[in-house]
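Asker: sequence unknown, structure follows:
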């Protein structure tokens, strides 16, 4: 679910992307966007802006002083809203890394409302509504096949009466998650990734982690292969089980865990030796990543089906390179087969 | 439309693929399969077997005596039918080439009938029916970025009463087409490809080529990119506008044109010099090929959604390697931009 990536772009073209030696908070200021502003929308906007800064800084630190830098392009959505993509390509550590934020404030499209009603969302049967969305979405694909790919996405969504009280949303909820996709399984990495996000969950509700861990395994299912995309993490949507302020604190802790979840793993793996065969296997796994994103991911599917979509934002998550070999089957007992075993039978890591 | 690739596999596993120094007609004999055999089904089965032989032989000749050889694996479909895939990977000329045939005879699944009725096929409102399908599907991805990718697919489909007269189909039709996907545009190649298939069409009906050429441009549309997949060719489905014997002759001429359409082009381009930048651009175009096949191609979508499908056959058409760069935009006036121009505005080539 990447709705915030699916902003129609007018004006700034991709080729205008400007190299930024250090990411600075130069996204168009919120004054331009928050026509339906509520207190929560303001808080969430600040959160995703801060997270983008924090995460891109951490990645550039991994790259080192001579490493890759993020290129940034920002855009203004004609219907209301702004976005900023930070993309790093062919760095020293990362093949491709992207951190995207969107802050949308506009009329809620009827098609989207229909979709929401179809999944039994209550209390939105009238309309028209205005919507506000703020979200962050990121994917990192390292070069070294021993270092896993990570994805995370956190978002806030609210609907307000078109001509009503903008401080009182008709409905609002949070969604998001994170998942880790290794090419080679290091169990301690999976444990660390899960334990870190479990800690963030447990601080808010002990029921969250078990529920959202399972939801993640169910969602990142490359069904046609009978494999999960990776070793999972958490996934949740339509979260509105308590006051928005409390859920915001939960989402803030999740977003704030990304660096801690991922950076120590990459540091351990990014300089490990590997063979050409390891690299090929990583490329085949990248192929599966492409299959999941293009065939199954709901956000990508929705984005691709939306006319006038900013396609480069929707497809930012695709790896730089991928590979498909006919009928590739790992040797029994090999590290490659060991990974497949876990993808076919998700495990409890903590 | 690759229905014949979507056979559920039981028994032979992919890893059992046996290298075949020369393709020989060792597919399980038709005696095992043609439970609803009619004269046309027999003829079409013979045609696709012969075409597979002819095309793989021509490709191996391009590869030369020290070049790549096709690996073959065949399978038996539990519900009735056989198939044989010939795949060549990392040859001298071709990165990946696959030629697949399927000969299916079984009960027609209700879901498929529903799909057919939805597209307004007449006279099949009763049932249950048995079906017979014979088809060939091929894709060739050369190494050299100056040499284009080709795809072709020809198939015959018939429905017969489950307990009725097997020699009289309730309905039968042909479908298929061919299309060329260059990374660099050589207009003479597009003209040759189109002229050759136009000649085959014109021998049967002067209305065929214009109609099927347009259908091809419309079908191979990477909608979310606003680009066609390549420079087109022909595409047709549900063809039953004259006696089956006459359409068979047309399809035979189309299938028989593949080698003549494609081999002279590859011969011209396969040894041309190229740069690393040319190779990168080819890889980006391969990425678009993956996008079309996974997101838009009806046969692939249908295959991916079919439980128990033989997934390696459905995805055989994917290139060995592909690439995605964020916001890649060719320089104005460059050969890369020239290709994009043609993909955005399909041309009449003959």
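Answerer: Arrived safely. Because the structure is predicted, anything quoted here is derived from the model rather than measured.
Asker: helices and strands of chain A: which one has the lowest mean pLDDT?
Answerer: Every helix and strand of chain A was ranked by mean pLDDT, DSSP states H and E. The lowest is strand A:18-19, at a mean of 32.
Asker: is whichever helix or strand comes after it positioned near chain B?
Answerer: Sequence order places helix A:39-63 as the next helix or strand after strand A:18-19, per DSSP states H and E. No - Helix A:39-63 lies out of reach of chain B by Cβ under 8 Å from any Cβ of the partner chain, never closer than 14.2 Å. From N, CA and C alone the C-beta is placed, and that goes for glycine too.
Asker: can you give me the helices in the stretch 251-350 of chain A?
Answerer: For the stretch 251-350 of chain A, the helices defined by DSSP state H, counting those that start in this stretch cover A:258-269, A:276-291, A:298-305, A:311-314, A:335-344.
Asker: now mean pLDDT and mean neighbour count too, for these, in a markdown table please.
Answerer: Shown next, in a markdown table, are those (pLDDT from 0 to 100; neighbours: other Cβ atoms under 10 Å in any protein chain shown):
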| stretch | mean pLDDT | mean neighbour count |
| --- | --- | --- |
| helix A:258-269 | 98 | 20 |
| helix A:276-291 | 98 | 20 |
| helix A:298-305 | 83 | 18 |
| helix A:311-314 | 90 | 24 |
| helix A:335-344 | 98 | 16 |
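Asker: make a markdown table out of those and add distance to chain B.
Answerer: Compiled in a markdown table, these are given as follows (distance: least, Cβ to the nearest Cβ, whole Å):
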| stretch | distance to chain B |
| --- | --- |
| helix A:258-269 | 20 |
| helix A:276-291 | 6 |
| helix A:298-305 | 5 |
| helix A:311-314 | 5 |
| helix A:335-344 | 12 |
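Asker: closest one to residue A:73 among these?
Answerer: Proximity to residue A:73 (Cβ to Cβ) singles out helix A:311-314 among those, at 8.9 Å.
Asker: mind putting the helices of the stretch 251-350 of chain A into JSON lines with distance to residue B:226?
Answerer: Shown next, in JSON lines, are the helices of the stretch 251-350 of chain A (distance: least, Cβ to Cβ, whole Å):
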{"stretch": "helix A:258-269", "distance to residue B:226": "34"}
{"stretch": "helix A:276-291", "distance to residue B:226": "20"}
{"stretch": "helix A:298-305", "distance to residue B:226": "12"}
{"stretch": "helix A:311-314", "distance to residue B:226": "9"}
{"stretch": "helix A:335-344", "distance to residue B:226": "35"}
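Asker: indicate which one of those is closest to residue B:317.
Answerer: It is, among those and with distance given as Cβ to Cβ, helix A:276-291, at 13.0 Å.
Asker: now the closest one against helix B:298-305, angle please.
Answerer: Helix A:276-291 runs at 100 degrees relative to helix B:298-305, counting by axes from the mean of the first three to the mean of the last three Cα atoms, to 10 degrees.
Asker: which helices and strands does helix A:276-291 pack with?
Answerer: With contacts defined as 3 or more Cβ pairs under 8 Å, 6 or more residues apart in numbering or on different chains; DSSP states H and E, helix A:276-291 has these neighbours: strand A:321-323.
Asker: quick check, residue A:285 in contact with residue A:181.
Answerer: Yes - if you go by Cβ atoms under 8 Å, residue A:285 and residue A:181 touch, sitting 7.2 Å apart.
Asker: can you name the residue of the stretch 51-200 of chain A nearest chain B?
Answerer: residue A:87 (4.4 Å; Cβ to the nearest Cβ).
Asker: how far off centre is the one helix or strand that residue maps to?
Answerer: Using DSSP H and E, residue A:87 sits in strand A:81-89. The chain centre lies 13 Å from the centre of strand A:81-89; the measure is Cα atoms, centre = their mean, to the nearest Å.
Asker: for stretch A:161-173, same thing?
Answerer: 26 Å.
Asker: what does it contact?
Answerer: A:36-40, A:107, A:121-124, A:127-130, A:132, A:156-160, A:237-240, A:244 (Cβ atoms under 8 Å, 6 or more residues apart in numbering or on different chains).
Asker: for it, buried residues please.
Answerer: Buried residues in stretch A:161-173, defined by neighbour count with 16 or more other Cβ atoms under 10 Å in any protein chain shown: A:161, A:166, A:169-173.
Asker: now, those that are in strands?
Answerer: Counting by DSSP state E, the part of those found in strands is A:161, A:171-173.
Asker: pLDDT added to these, as a markdown table?
Answerer: Putting those into a markdown table (pLDDT from 0 to 100) gives the following:
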| residue | pLDDT |
| --- | --- |
| A:161 | 87 |
| A:171 | 89 |
| A:172 | 91 |
| A:173 | 93 |
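Asker: what is the most widely separated pair among the residues you listed?
Answerer: Between any two of these (Cβ to Cβ), the greatest distance is 16.9 Å, for A:161 and A:173.
Asker: confirm residue A:153 sits in a strand?
Answerer: Yes - with DSSP: H, G, I helix; E, B strand; the rest coil as the criterion, residue A:153 is part of a strand.
Asker: quick one: contacts for it?
Answerer: Counted by Cβ under 8 Å, 6+ apart, residue A:153 has contacts A:1-2, A:135-138, A:175-178, A:299.
Asker: confidence-wise, which of the residues you listed comes last?
Answerer: Within the contacts of residue A:153, pLDDT reaches its minimum at residue A:1, with 29.
Asker: what angle do the strand holding residue A:87 and helix A:39-63 make?
Answerer: Using the same axes, to 10 degrees: strand A:81-89 against helix A:39-63 is 10 degrees.
Asker: rounded mean pLDDT for strand A:81-89, please.
Answerer: For strand A:81-89, the per-residue pLDDT averages 93.
Asker: same for it, what does it pack against?
Answerer: Looks like strand A:81-89 contacts helix A:39-63, strand A:71-76, strand A:94-107, helix A:311-314 (3+ Cβ pairs under 8 Å, 6+ apart).
Asker: reformat these as JSON lines; add distance to residue A:211.
Answerer: Formatted as JSON lines, those follow (distance: least, Cβ to Cβ, whole Å):
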{"stretch": "helix A:39-63", "distance to residue A:211": "22"}
{"stretch": "strand A:71-76", "distance to residue A:211": "36"}
{"stretch": "strand A:94-107", "distance to residue A:211": "27"}
{"stretch": "helix A:311-314", "distance to residue A:211": "28"}
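Asker: which of the buried residues of stretch A:161-173 lies closest to residue A:347?
Answerer: Using Cβ to Cβ, those come closest to residue A:347 at residue A:173, 29.7 Å.
Asker: bridge partners for the closest one, pull those for me.
Answerer: Beta-bridge partners recorded for residue A:173 (DSSP bridges): residue A:157.
Asker: measure residue A:309 to chain B for me?
Answerer: 7 Å (Cβ to the nearest Cβ, to the nearest Å).
Asker: that residue is in contact with residue B:226, isn't it?
Answerer: No - using Cβ under 8 Å, residue A:309 makes no contact with residue B:226, being 11.0 Å away.
Asker: give me the more crowded residue out of the two.
Answerer: residue A:309 (19 against 11; other Cβ atoms under 10 Å in any protein chain shown).
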